[in-house]
Each structure stands twice: as structure tokens, then as C-alpha cells.
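K.L.:
Kindly generate the corresponding structure for this input.
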Amino acid sequence: MITVHSPLFDPSNTFLAPMVEVLRRHPKRIVFPSGLDPRVLRVAAELVKLEAVAPVLLGHRPSIRAMAAELGINMEFIGVIDPVDSDDFDFFCERYRRVEKARHRQVNDPREVMIKPAYFAAMMVQYGYADGIVGGNEGFPAAFFRALFHLIRPLPGRDSASSCLPAWLPQRPDLGVKGTLFLGDCAVIPNPTVGQLAMTAVESARAAALLCAEKPRVAMISFSTRGSARNASTTKVLAAMELARSQARQLLLDMEIDGEMQLDAAIDPDTMQRKAPGSTLGGKANVLIFPDLNAAHVAFKMLEYIAGAETYGQLVLGLARPAAQVSRVAKERTILGAALCTAMRAMAYRDLVNAEDFS
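P.N.:
Below is the predicted model of the structure:
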């Protein structure tokens, strides 16, 4: 049993506590590009205390150590790498040059790219120097995503990326999996195609199954339930549901998926019985796939600020290595949860992709 108590980690958290138990037996290396963020320093120290993750911080080493001393943080077992001074910097520059050449792009000076922490961290993860990456907390999300999508390969069979967000509602253990819901896509694709919606549904389900050890029950959310209204938007959601079902069968994934349906029908059994009787979800959906970024982002912000949900970053889907984006205003508990989720996902990725580098 976990005995560590701190403001950053609650042992009664039904979502994160089981992960810590697993990761203490199989700790993973998570790289944080923003090593000079005091929130990241505190989270790194907590991860070491939990013995769940081996954190690696990027940035100017003397400055990071000076900040740690000022904050009273013990840097033992916390790795610090200054990209420019790294023994691997020239190697990464050369790999970047080769990648761009294969894409028929001219590179004037790869050092200008590799000096950026997010790109250096993405290289570390792609080539096995770290198991996962958590970043984006000191800039705009697009800049962080750009580094990931540029340097980390897609999963086999995927040609785009999206995200899902775990939200834990401690006051509503009746929802989802003991209060945990997964929402997608809250960060990446403004207006997804049918294929992108289906990919988000399947990969969100895969993440939910891994992190909660329970069968994913995926609801394709709309303003309509089972044809109560019909337009291009609802037709797209219905088509995405059918495609996701087909992909799940091909991948031999054990998941339930239904839609299109309104949010209340997805998460309330009584409403489901009235609006969509016979649905395999039974009003107990634990994965909610929204029709576009506007709806998903508004939903997760409302859960945070009105329902008191703890959210744990945007888990990036569709890439061959695990990553999570956290916002500029992320709380330390959010960053901690994102790191634990990313480490857990790293344990499964060896079964999804091979270890070959870019050619």
C-alpha cells in the first residue's frame, strides 16, 4: 500500500493511486522540457518520493539547481540535461538532418531546432532515451504539439493525431470508472473528419482500458440521440461510430461504442432508458467523444470549474510514443497526473510498435 502523503498526491485517488502501485514496480523515465518551471520541479520531487517515475528535466543545469535550492527541493534522483551541453546533441542534430532529408526538406542549421527543449525532448522519446514526455506548460499548445508531430512517428495504421483528457470527479463515483471520465478530443483537431473522430474514439478507448483496467464504454456525443435530429453533423458522428466499431473489431479491442447520443443519455441510466433503450452502454459511458474541439474543450473546462473535476493533461493519441500536454495554468496535481498516465502508457507501447528508428 502507498504510504506517501503530500499536497500533490492523494492516496485515496481512485484513478491515480492504482497507477502508482504498478509504476513502483516498473518505473519509467519521463522527460519534462520545461525544467525551470517551479511546478515541474515540485512534481519531479514528488515522483521520486513516490518511486513511480524517474524524472528528467531539460534546461540550464546551474539555474535549475539554484531554483531547486531556493525551493528546498532535493535533486537526488532527478536527472537534469542541458540540450546544448548534452553528449547526444550532435547525434540528435544529425538524426534531425536525416529525417528532414527523407522528407525532401532543406535544413540550414539543425542546431537551431534541437536547441529548443520540446524538440530535444521529442528526440529523446523517439529514440528511446526517455519513455514519455510531458510538456507545453510554458508556451502555447501548438508549439509543443508541433515538436511532437514533427519528430515522433505515428502509430502503425494512423495518419493523424488527437487527444483525450482524463477527468476525475471525486464527488461523483457513480460516473465513468469510479468517477473517472475520458473526454476526446479536447486539444488538437478543431473540426475532425469521420476518420479522425473514429480514430479518437478507438485510441481513447485503448487509453482508458489501460489506465482504468475496465472495459471502455464509448459514447459518440451529439445534440441528437438516435436520429432525434438529423443534419450533416449528426450524420458525421453516426458514420464515425460505425467506422470506430469496424476498427475496434479489426484490432480485437474489447470495447462498447454507441451513438450518436446526447450527454445525459450517455452517463445517466434512466435517461438512456428513455432516449436510447437497448443501448449496450446502459447510461454508463466512461469515454465521451465530442463532435468537435469547441464542444470538447468547453465540456472539460466546465467539469473543472463547476464540477470540481481534477484533470490530468491532454494525452496525445496516434503517436508511437506516449506524450501529454499540460496548459500554462496547470496545477501541480495536473502535471503529476499527466506524468503518471504517460508512464503507464509507456508500459504498453512496446506491444503497439516496434523499436525501429526513422530510416
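K.L.:
May I have the beta-bridge partners of the most centrally placed residue in the chain?
P.N.:
Ranked by distance to the mean C-alpha position of the chain (CA atoms, centre = their mean), the top residue is L315 at 0.9 Å. For L315, the residues forming beta bridges with it (DSSP bridges) are C164, A324.
K.L.:
residue contacts, it?
P.N.:
The neighbourhood of L315, defined by CB atoms under 8 Å, 6 or more residues apart in numbering, consists of S163, C164, L165, P166, A207, P322, A323, A324, A338, C341, T342, R345. Backbone N, C-alpha and C define where each C-beta goes, glycine included.
K.L.:
at 10 Å instead, please
P.N.:
Taking CB atoms under 10 Å, 6 or more residues apart in numbering as the criterion, L315 is in contact with 162-166, 182, 184, 186-187, 203-204, 207-208, 211, 322-325, 338, 341-342, 345.
K.L.:
my read is S233 is in a helix, agree?
P.N.:
Yes: if the criterion is DSSP: H, G, I helix; E, B strand; the rest coil, then S233 is within a helix.
K.L.:
Tell me the spacing between the residue lying closest to it once chain neighbours are set aside and A201.
P.N.:
If the residues on either side of it in the chain are set aside, S233 comes closest to P291, at 5.9 Å by CB to CB, 6 or more residues apart in numbering. The spacing between P291 and A201, counted by CB to CB, to the nearest Å, is 11 Å.
K.L.:
Which one's more surrounded, those two?
P.N.:
Neighbours were tallied for P291 and for A201 using other CB atoms under 10 Å; the higher tally belongs to A201 (32 against 21).
K.L.:
what touches both of P291 and A201?
P.N.:
Common neighbours of P291 and A201 are listed as M220, A240, G259 (criterion: CB under 10 Å, 6+ apart).
K.L.:
Residue ranges in the stretch 1-150 of the chain under the pLDDT threshold?
P.N.:
Across the stretch 1-150 of the chain, residues meeting the criterion (pLDDT under 70) sit at 1-6.
K.L.:
Just the element for the residue in the chain sticking out farthest from the centre, please.
P.N.:
Residue farthest from the centre of the chain, counting by CA atoms, centre = their mean, is R274 at 34.0 Å. When secondary structure is defined by DSSP states H and E, R274 falls within helix 269-275.
K.L.:
quick one: contacts for the closest residue to N191 other than its chain neighbours?
P.N.:
If the residues on either side of it in the chain are set aside, N191 comes closest to D292, at 5.4 Å by CB to CB, 6+ apart. For D292, the contacting residues are D185, I189, P190, N191, P192, L197, S233, K236, V237, taking CB under 10 Å, 6+ apart as the criterion.
K.L.:
And the residues you listed, which is closest to A309?
P.N.:
A309 has its nearest neighbour among those in D185, at 17.4 Å by CB to CB.
K.L.:
For that closest one, grab the count of nearby residues.
P.N.:
Residues lying near D185 (other CB under 10 Å) number 28.
K.L.:
which non-adjacent residue is nearest it?
P.N.:
Taking CB to CB, 6+ apart, and ignoring the residues beside it in sequence, D185 has S162 as its nearest neighbour in space, at 4.0 Å.
K.L.:
is it true that the one you found touches A207?
P.N.:
No: counting by CB atoms under 10 Å, no contact exists between S162 and A207, whose distance comes to 11.0 Å.
K.L.:
Overlap in contacts, these two.
P.N.:
Here S162 and A207 have G184, L315, V316, L317 as joint contacts, going by CB under 10 Å, 6+ apart.
K.L.:
ok, so of the residues you listed, who is nearest P7?
P.N.:
Distance from P7 was checked for each of these by CB to CB. The minimum falls on L315, at 23.7 Å.
K.L.:
so how far is V80 from that closest one?
P.N.:
Per CB to CB, L315 is found 25 Å from V80.
K.L.:
same check, this time on V53
P.N.:
Between V53 and V80 the computed distance is 15 Å (CB to CB).
K.L.:
Comparing those two, which shows the higher neighbour count?
P.N.:
Taking other CB under 10 Å, V53 and V80 do not tie; V53 has more neighbours (29 against 19).
K.L.:
From V56, how far out is F15?
P.N.:
24 Å.
K.L.:
ok, back up a step: what about the contacts of L315, which are in helices?
P.N.:
Taking DSSP state H, the ones among the contacts of L315 that sit in helices are E203, S204, A207, A208, L211, A338, C341, T342, R345.
K.L.:
okay, among those residues, which ones form the most distant pair?
P.N.:
E203 and A338 (16.7 Å).
K.L.:
Pull up the distance across stretch 165-173, start to finish.
P.N.:
Its start and end residues considered, stretch 165-173 measures 17 Å (CA to CA, to the nearest Å).
K.L.:
So for that stretch, mean pLDDT?
P.N.:
In this model, stretch 165-173 has an average pLDDT of 97.
K.L.:
Give the buried residues for it.
P.N.:
By neighbour count, and taking 16 or more other CB atoms under 10 Å as the criterion, the buried residues in stretch 165-173 are L165, P166, A167, W168, L169, P170, R172.
K.L.:
For the nearest residue to L251 once chain neighbours are set aside, report the pLDDT, please.
P.N.:
Spatially, and ignoring its direct neighbours in sequence, L251 is nearest to V202 (7.0 Å; CB to CB, 6+ apart). We have a pLDDT of 98 for V202.
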